[in-house]
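> Quick one, fold the following:
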Amino acid sequence: MTVGLIPGSFDPFHNGHLEVVERAALIFDEIVVAAIRNPQKTEPLFSLDERRDMIAESCAHIASVRIVSISSLLVDVARDVGATAIVKGLRAVSDFESELQMAQMNRSLAGVETLFIPTSSSHSFIASRLLREVARYGGDITPFVPAPVAKRIRERFAGGDHDVV
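You can find the predicted model right below:
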């Protein structure tokens, strides 16, 4: 059985992430989506539990998906879930530079390979950081996120000065 591990902070999970999960599900028997707390990023908009729930709701139509949250080395998680490969989405050439370094480190540490899946051009500009900013200022992010995520963002920003999504 082949297992693809898709790690990310997913804060929030967006349509580019969903595209990578859907495409990876065509390649692997099982997909494990791992929501991580990235200490290098700003304070998260959603807790790990909330992100895990949103990912599960957004991927409910994909039978082979399992959701986990992690706070350990990715290669340890890959070993624990029996990952055949780590799967990473690429939006642009600039993503490749840092992702290649991580892929080489992961292979050196644990022998686990990384598969890169480029997103379609319709999703290549979507970034969670930008979505958080747009939502905070009352912009409509519904075209860029699955419906369960849009609902949670509406709830998160309800009662503010702006009518969000």
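> which of the residues in stretch 124-139 are buried?
Of the residues in stretch 124-139, 126, 128, 131-132, 134-135 count as buried by neighbour count, 16 or more other C-beta atoms under 10 Å. Using the backbone N, CA and C atoms, a C-beta is placed for each residue, glycine as well.
> now the helices for this protein?
15-25, 48-58, 74-81, 93-110, 128-136, 147-157 (DSSP state H).
> which residues touch the nearest residue to Gly89 once chain neighbours are set aside?
Leaving aside its chain neighbours, Gly89 sits nearest to Val20 (3.8 Å; criterion: C-beta to C-beta, 6 or more residues apart in numbering). If a contact means C-beta atoms under 8 Å, 6 or more residues apart in numbering, then Val20 has 6, 87-89, 117, 119 as its contacts.
> show me where pLDDT drops low in this protein?
38-41, 159-165 (pLDDT under 70).
> could you redo the last one with a cut-off of 80?
Scanning the chain for pLDDT under 80 picks out the ranges 38-42, 158-165.
> now Val112: how far from Val93?
The gap separating Val112 from Val93 is 24 Å, by C-beta to C-beta, to the nearest Å.
> Comparing those two, which residue is more hemmed in?
Applying other C-beta atoms under 10 Å to Val112 and Val93 shows that Val112 carries more neighbours, namely 19 against 8.
> hang on, that one packs against Ala83?
Yes - between Val112 and Ala83 a contact is recorded at 6.3 Å, counting by C-beta atoms under 8 Å.
> if we can go back for a sec, in JSON lines: the buried residues of stretch 124-139, plus distance to Ile31.
Shown next, in JSON lines, are the buried residues of stretch 124-139 (distance: C-beta to C-beta, whole Å):
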{"residue": "Ile126", "distance to Ile31": "20"}
{"residue": "Ser128", "distance to Ile31": "19"}
{"residue": "Leu131", "distance to Ile31": "22"}
{"residue": "Arg132", "distance to Ile31": "25"}
{"residue": "Val134", "distance to Ile31": "28"}
{"residue": "Ala135", "distance to Ile31": "27"}
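> ok, so of these, who is nearest Met102?
Ser128 (17.4 Å; C-beta to C-beta).
> How about that closest one, nearest residue that isn't a chain neighbour?
Closest to Ser128 by C-beta to C-beta, 6+ apart is Asp11, at 5.3 Å.
> Neighbours of the one you found, how many?
Using other C-beta under 10 Å, Asp11 has 25 neighbouring residues.
> Check the one 10 residues further on too.
A count of neighbours around Val21, defined by other C-beta under 10 Å, yields 23.
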